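> sequence first, predicted model second:
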Amino acid sequence: MDTETALENGSVVLVPAAWIVAGATDAGWLEMRTLLIAHGVMAVLIAVFAVLGWKDMSEGVLSVWRAVLVAGLPVTAAGFVGLYTDAAPLTALALYGWFLLPAVGFVYTAREVGTPAPYVLAAFLSAVGAVVYASAVSPAVAGIAVVAVGQTIGIADAVYRY
């Protein structure tokens, strides 16, 4: 697979994979060390993706996604530090940051494209997932699952349609 294909299609695999790891860790199926390693890998991938796609992501809808990546890198780094040092506020920042940063991107995308429904749904589910996760009423992993479904819908539509 060449770099351009990886940049164009990689997120449709990486986004759900990241949420699967987060959800499995939250459910107790994976060790926190696994999530720590995943955060390190994600930080590197976000940085590489941003650098390699910088020029292509300079206009239109992609410019907001470039901003999401730029904002998401320190959020992911905070999660890495939080997991390494057992600092719950930093891990919460990473979790809620990645619940909500893509929601902003999906809202913007929905306003700019001719087929907004998948992006409206993705933004809505990202926000609902954050609320579900924060509530004590449901299992927290349910919030991660809602976010994972929503963000996967949005990114899959973008990859396959455009």
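Ah, there it is.

> quick check: chain neighbours aside, which residue is closest to S126?
Using C-beta to C-beta, 6 or more residues apart in numbering and skipping residues adjacent in sequence, the residue nearest S126 is A103, 3.8 Å away. From N, CA and C alone the C-beta is placed, and that goes for glycine too.

> and the one you found, what does it touch?
By C-beta atoms under 8 Å, 6 or more residues apart in numbering, A103 lies in contact with 122-123, 126-127.

> now with 10 Å?
68, 119, 122-130, 147, 150-151, 154 (C-beta atoms under 10 Å, 6 or more residues apart in numbering).

> chain center to the strand or helix carrying it, what's the gap?
Assigned by DSSP states H and E, A103 falls within helix 88-112. Distance of helix 88-112 from its chain centroid, counting by C-alpha atoms, centre = their mean, to the nearest Å, is 7 Å.

> what mean pLDDT does it have?
The average pLDDT within helix 88-112 is 97.

> next: stretch 19-30.
pLDDT averaged over stretch 19-30 gives 95.

> isn't A50 up against L62?
No - judged on C-beta atoms under 10 Å, A50 makes no contact with L62 at a distance of 11.4 Å.

> still on that earlier bit, tell me the one of the contacts of A103 nearest A17?
Minimum distance to A17 across the contacts of A103 is 11.5 Å, recorded for Q151 (C-beta to C-beta).

> which parts of the helix or strand where the closest one lies are buried?
In this structure, Q151 is located in helix 140-161 according to DSSP H and E. Neighbour counts over helix 140-161 (16 or more other C-beta atoms under 10 Å) mark 140-158 as buried.

> so what's the residue positioned nearest the centre of the chain up against?
By C-alpha atoms, centre = their mean, the mean C-alpha position of the chain lies nearest to W98, the distance being 4.8 Å. Taking C-beta under 10 Å, 6+ apart, we find W98 in contact with 15, 18-19, 22, 42, 68, 72, 75-76, 79, 126, 130, 147, 151.
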